[in-house]
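A.B. asks: what's the 3D shape of this:
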Amino acid sequence: MSESTLSLTFENLGQSTAFDLCWGRKATVAEGLTSAQAANVEAANRVGYRDFLGAHDWSFKRPRVTFTLWATVTGTAAAGLTTTVTATTAKFFPSMIGHSIVFTAGSTYTITGYTSSTVITVSSTAAADSSKAFTITADGAYRLPDDFGSLYSTEILFAAGNNDTRKIRVTSESLVQAALQYNANPARPTMAGVRPLAATGTTGQRFDLVAHPIPEQDYPVNFRYEVHPNALTAGLYPYGGLTYAETIRKCCLAAAESMFNDHKSIRRGEADLALRIAIQDDIRSHRSASVGKSVNPWQRRRFRDPEDLISLDAVTVHGVSYE
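C.D. replies: This next block holds a predicted model:
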């Protein structure tokens, strides 16, 4: 399903901010802003969007993702390879990025991109290896999504319907690495940790999920993680969708006010009030029924919701507590 047409796009937010700064309802240079005005509008909207995202641990920033812990892959490439490798008898996964693909002739390439389950891109042209067999060796490391910020789940669950209650325990990456050093025999994974990779100027910070033991077969799993959203660009919708569109708009107006009309504070007050209401709504909508281990009814001890420890009548926004 596509995004609601009542949500605000990058352009909608730009038009709103420019209009509030008395520059007309324009979002870009093409619509009539000067280069300086367009840059200021985008800068203000980035600050406002970042203020919104950072004001609360929003539930929409914690998606549950389906992920495959894959075993060593062997297959055959199609004819006519370039820096794009198409497989005729194999399946690729996004988490293979950073791994080596080794062809029977001895050529080795680094996987740099994922297009589909049968198409990847590699570090240099593989034309000489067209129609040849290849291997991608599993080493227990799996590239996490580009917007990965941190692992929210304390346990990684196997796919639904496998009639198995075992889980993968999340622990430190150093413990997983020590276990891999001690025993690299393939088996069903029992523990996993997050490994930060060296950041680069072009791609920024990335992370791997490291699992032990190295899988002896493909294991579909799922877990929740905290998203680190990118800045908005042309045609994109902000996180939060229709529900929080107006709050995001007010945060952008407040940012523009503080940057270009610092003698005013009307928009900041409106944004803080909107944030307070939005935070309360998010807490109410996503609170749990109880916490603690599930036990038989006669053994059950009732726990208070963790959110009950938060007064919905006293919310702190940007360091200010509102009653």
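
A.B. asks: Show me the shaky parts of the stretch 101-250 of the chain.
C.D. replies: Within the stretch 101-250 of the chain, the segments meeting pLDDT under 70 span 201.

A.B. asks: Residue 209 bridge partners, please.
C.D. replies: Beta-bridge partners for residue 209, by DSSP bridges, are residue 142, residue 194.

A.B. asks: and it, what does it touch?
C.D. replies: 67, 95, 141, 142, 144, 151, 192, 193, 194, 195 (Cβ atoms under 8 Å, 6 or more residues apart in numbering). Yep, even glycine has a C-beta here, placed from its N, CA and C like the rest.

A.B. asks: Could you list the residues in contact with stretch 142-157?
C.D. replies: Taking Cβ under 8 Å, 6+ apart as the rule, stretch 142-157 contacts 62, 65, 67, 69-70, 93-98, 167-170, 192, 194, 203, 206-211, 221-230.

A.B. asks: Pull the residues that contact stretch 252-261.
C.D. replies: 13, 16-17, 20-21, 40-41, 43-45, 47-49, 51, 264-268, 270-272.

A.B. asks: Would you map the helices across the protein?
C.D. replies: 10-20, 35-54, 173-182, 245-260, 266-285 (DSSP state H).

A.B. asks: if you compare those, which one is most tucked away?
C.D. replies: Mean neighbours per residue, mean count of other Cβ atoms under 10 Å, is largest over the helices of the chain for helix 245-260, with a mean of 23.

A.B. asks: how about the strands of the stretch 51-200 of the chain, start to end?
C.D. replies: In the stretch 51-200 of the chain, strands defined by DSSP state E, counting those that start in this stretch lie at 64-69, 73-76, 84-86, 100-103, 108-116, 119-122, 133-136, 141-143, 148-151, 155-158, 167-170, 191-196, listed in chain order.

A.B. asks: nearest spatial neighbour of residue 186, skipping sequence neighbours?
C.D. replies: residue 216 (3.7 Å; Cβ to Cβ, 6 or more residues apart in numbering).

A.B. asks: now that neighbour: how far from residue 138?
C.D. replies: 9 Å (Cβ to Cβ, to the nearest Å).

A.B. asks: can you list residues touching both of the two?
C.D. replies: In contact with both residue 216 and residue 138: 71, 186, using Cβ under 8 Å, 6+ apart.

A.B. asks: what about these two, which has more around it?
C.D. replies: Ranked by neighbour count (other Cβ atoms under 10 Å), residue 216 and residue 138 place residue 138 first, with 19 against 14.

A.B. asks: what's the spacing between the residue lying closest to that one once chain neighbours are set aside and residue 140?
C.D. replies: Nearest residue to residue 138, sequence neighbours excluded (Cβ to Cβ, 6+ apart): residue 72, at 4.6 Å. Distance of residue 72 to residue 140, given as Cβ to Cβ: 11 Å.

A.B. asks: Which residue of the two possesses the greater neighbour count?
C.D. replies: Set residue 72 next to residue 140 and count neighbours by other Cβ under 10 Å: residue 140 wins out with 21 against 14.

A.B. asks: Show me how the record splits this structure into domains.
C.D. replies: 10-58+240-286+308-322, 72-137, 142-227 (automatic domain parsing).

A.B. asks: Take those domains and write them to TSV, including distance to residue 4.
C.D. replies: Formatted as TSV, the domains of the chain follow (distance: least, Cβ to Cβ, whole Å):
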stretch	distance to residue 4
domain 10-58+240-286+308-322	4
domain 72-137	28
domain 142-227	20
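
A.B. asks: For residue 234, which of those is the nearest?
C.D. replies: The closest of the domains of the chain to residue 234 is domain 10-58+240-286+308-322. By Cβ to Cβ, the value is 5.6 Å.

A.B. asks: related to what we said a few turns ago, quick one, which of the helices of the chain is nearest to residue 117?
C.D. replies: helix 173-182 (26.8 Å).

A.B. asks: elements contacting that closest one?
C.D. replies: With contacts taken as 3 or more Cβ pairs under 8 Å, 6 or more residues apart in numbering; DSSP states H and E, helix 173-182 sits against strand 191-196, strand 207-212.

A.B. asks: Can you tell me which of the ones you listed is most buried?
C.D. replies: strand 207-212 (a mean of 24).

A.B. asks: Next, the angle helix 173-182 makes with that strand.
C.D. replies: 50 degrees (axes from the mean of the first three to the mean of the last three Cα atoms, to 10 degrees).

A.B. asks: Tell me what angle strand 207-212 forms with strand 64-69.
C.D. replies: Using the same axes, to 10 degrees: strand 207-212 against strand 64-69 is 60 degrees.
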